[in-house]
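Student: here's my sequence, what's the structure:
(one chain, ligands or ions: 1)
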Amino acid sequence: MSKQAFQDSYPAEFSHCYGCGHDNPHGLQLKSYWLDEEDRTHTVAHFTPKPYHTGGVPDKAYGGLIASLLDCHGTASAAAAAYFKEGRKMGTAPILRFVTASLSIDFLRPTPIKEELTLYGEITQLEGRKATVALSLSANGEPCATATMIAVALKPE
Ligand SMILES: CCCCCCCCCC(=O)SCCNC(=O)CCNC(=O)[C@H](O)C(C)(C)COP(=O)(O)OP(=O)(O)OC[C@H]1O[C@@H](n2cnc3c(N)ncnc32)[C@H](O)[C@@H]1OP(=O)(O)O
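Tutor: Here you go, the predicted model:
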């Protein structure tokens with residue numbers, strides 16, 4: 001894994017995201033990395049839920065938490081891939097800001113809250129301002145959710 005998380009390169013005005021902003025003390029503070037420094041298409045993040053992240057079923061995660069984690073890992077992965085494609089260090093100006101245009105999630109099995117969760121991302125397409133990211137969230141090596149995201153880079157203005 002790289003030493004600096006993608007989210008740690010976000011400029012201050014983008015560092016208050018509930019899901020991944022390092023300047024949001026109330027947020028999840030997800031951190032995403034390249035899975036392998038030699039491969040700039042696959043990404044990874046880890047997150048261990050808190051007891052209060054439970055949904056309606058005891059010891060299982062709230063679906064919105066899962067969506068939030070996939071959302072932030074996907075947009076961070078898209079931004080990292082776009083910077084890499086431009087041959088630029090992440091966070092350098094002009095800032096590439098990706099937001100979620102669509103996020104389609106399949107919840108495969110209940111997600112435990114007492115285990116560390118692993119998120120994987122794969123940038124399957126990056127054309128123009130649009131990135132497609134295949135995502136998964138697993139616990140103990142078992143996939144709990146998979147998702148497909150379309151992330152779009154905001155126009156500079
Ligand atoms: C480095 C800092 C990073 C900060 C990261 C923060 C992460 C936060 C994660 C989030 O929670 S994001 C919050 C939830 N998302 C939003 O609030 C986004 C709301 N939607 C919008 O702002 C606009 O709809 C959007 C920027 C996504 C697109 O509007 P634009 O007018 O800029 O783009 P346009 O409509 O021209 O679409 C650009 C391309 O994306 C495609 N596209 C847009 N929406 C789509 C969609 N829903 N599904 C599929 N493709 C879509 C569109 O077809 C087109 O493709 P092509 O370039 O191939 O023609």
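Student: going forward, measure contacts between C-alpha atoms and count neighbours the same way
Tutor: Fine.
Student: could you list the low-pLDDT ranges of this structure?
Tutor: 1-2 (pLDDT under 70).
Student: can you map out the helices along it?
Tutor: In the chain, the helices defined using DSSP state H lie at 63-85.
Student: might you enumerate the residues of it proximal to the ligand?
Tutor: 10, 14, 71-72, 75, 96-102, 128-130, 150, 152, 154 (Cα under 6 Å from any ligand atom).
Student: could you redo the last one with a cut-off of 5 Å?
Tutor: Proximity of the chain to the ligand, by Cα under 5 Å from any ligand atom, involves residues Y10, R97, V99, T100, A101, S102.
Student: in strands only, show me those.
Tutor: Counted as lying in strands by DSSP state E, out of the residues of the chain next to the ligand, are V99, T100, A101, S102.
Student: let me see the contact set for the second one.
Tutor: Residues touching T100, when contacts are defined by Cα atoms under 8 Å, 6 or more residues apart in numbering, comprise D71, T75, M149, I150, A151, V152.
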